[in-house]
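Q: Predicted model and sequence follow; I will ask about them next.
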Amino acid sequence: MSGITIALSKGRIFEETLPLLAAAGITPTDDPEKSRKLIIGTNRPDVRLVIVRATDTPTYVQYGAADMGIAGKDVLIEHGGVGLYQPLDLNIARCRLCVAVPEGFDYAAATQPGGRIRIATKYVGAARQHFAAKGVHVDLIKLYGSMELAPLVGLSDAIVDLVSTGGTLRANKLEAVEDIMEISSRLVVNQAALKVKRELLQPVIEAFAGAVTP
Ligand code: ATP
Ligand code: MG
């Protein structure tokens, strides 16, 4: 495609990206929450949006199926960032990656150097790195959703998950015991597209940069 294709996921990333798109003079012609279309046009004939699963955004951009996209740091860490230029932290979809345990679980005892802990998570890369740095052996169990359930039914001792308000943890009698990192979403750009389509992409990157709220 000669124009620009931007990969976005539905939900918070799409909603929080709308003001950034507006700053670049881009208005979607459909609402992905209402429409079942996966390719959404915009007011600009040379700009289209593709609606993908949040974890798939880096993959679409890596292979050039989308020229740019917006993805959480959590997703980018697990993906590895191969082939992606990451020019901007957009400071949207903010949350924390945390270790959480059932209320009353002795996390300090379990994570003494040389200790061993069983962790259920979608974020196995970040979790492995975190516990390796602490010198704690970790048995990782990969899950794809509802991590909070795992320690309640004996699948794991603890979870590594994203937390914003902590409401879901409290509702399941879990507590965050350690912050691993702050998470926000970044603009990712295909490196080859940036060279070939620089005159189209650069103004969008600059408009986004000017619209980021600190
Ligand atoms: P699904 O919820 O459909 O399983 P998902 O979790 O991959 O998909 P979202 O929930 O839309 O997708 O999350 C997209 C991104 O938003 C995440 O990768 C993360 O960076 C961020 N995010 C996730 N949960 C929260 C949260 N509770 N508060 C703020 N940002 C969040
Ligand atoms: Mg989610």
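A: Right, received. Where do you want to start? These figures come from a predicted structure and were not determined experimentally. Ligands and ions are numbered 1, 2, ... in the order given.
Q: Ligand 1 contacts on this structure?
A: Taking CB under 6 Å from any ligand atom as the criterion, the chain approaches ligand 1 at residues 9, 11-13, 54-55, 72, 74-75, 93-95, 145, 162, 164, 183, 185. C-beta coordinates here come from the backbone N, C-alpha and C atoms, glycine included.
Q: Which strand residues bridge T121?
A: T121 forms beta bridges with K142, V160, as assigned by DSSP bridges.
Q: Surely it and Q129 touch.
A: No. Under the criterion of CB atoms under 8 Å, T121 makes no contact with Q129, lying 11.9 Å away.
Q: neighbour-wise, which of the two wins?
A: T121 (23 against 12; other CB atoms under 10 Å).
Q: Next one: the closest residue to G41 other than its chain neighbours from ligand 1, what distance?
A: Spatial nearest neighbour of G41, excluding adjacent residues (CB to CB, 6 or more residues apart in numbering): T29 at 4.5 Å. In this structure, T29 and ligand 1 are 22 Å apart, going by CB to the nearest ligand atom, to the nearest Å.
Q: Run through the residues that contact T29.
A: By CB atoms under 8 Å, 6 or more residues apart in numbering, T29 lies in contact with I40, G41, T42, N43.
Q: With just CA atoms, put the helix or strand hosting A108 into CSV.
A: According to DSSP states H and E, A108 maps onto helix 107-110. Extracted C-alpha coordinates of helix 107-110, given in CSV (Å, rounded to 0.1, in the frame of the first residue of the first chain):
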residue,chain,number,x,y,z
TYR,A,107,6.7,-13.6,49.9
ALA,A,108,9.9,-12.5,51.6
ALA,A,109,10.5,-16.1,52.8
ALA,A,110,9.7,-17.6,49.4
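Q: what does that helix rub up against?
A: With CB under 8 Å, 6+ apart as the test, helix 107-110 has contacts from V99, V101, G115, R116, I117, V136, D157, A158, V177, E178.
Q: Could you rerun that using 10 Å?
A: 99-101, 115-118, 136, 157-158, 175, 177-178 (CB atoms under 10 Å, 6 or more residues apart in numbering).
Q: so can I have TSV of those residues showing neighbour count?
A: Below are the contacts of helix 107-110 laid out as TSV (neighbours: other CB atoms under 10 Å):
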residue	neighbour count
V99	24
A100	24
V101	23
G115	15
R116	13
I117	21
R118	17
V136	17
D157	21
A158	27
E175	16
V177	16
E178	16
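Q: which residue is nearest the centroid of this protein?
A: G72 (2.3 Å; CA atoms, centre = their mean).
Q: How about that residue: which residues does it bridge to?
A: Counting by DSSP bridges, G72 forms beta bridges with S185.
Q: Could you tell me the model confidence score at it?
A: We have a pLDDT of 98 for G72.
Q: Could you work out the most separated pair of the contacts of helix 107-110?
A: R116 and E175 (20.8 Å; CB to CB).
Q: now for the top helix by length along the chain, which elements pack on it?
A: Criterion DSSP state H: the longest helix present in the chain is helix 198-211. Contacting helix 198-211 under the criterion 3 or more CB pairs under 10 Å, 6 or more residues apart in numbering; DSSP states H and E are the following elements: strand 4-8, helix 12-23, strand 68-72, strand 84-89, strand 185-190, helix 191-196.
Q: redo that, cut-off 6 Å
A: When contacts are defined as 3 or more CB pairs under 6 Å, 6 or more residues apart in numbering; DSSP states H and E, helix 198-211 packs onto helix 12-23, strand 84-89.
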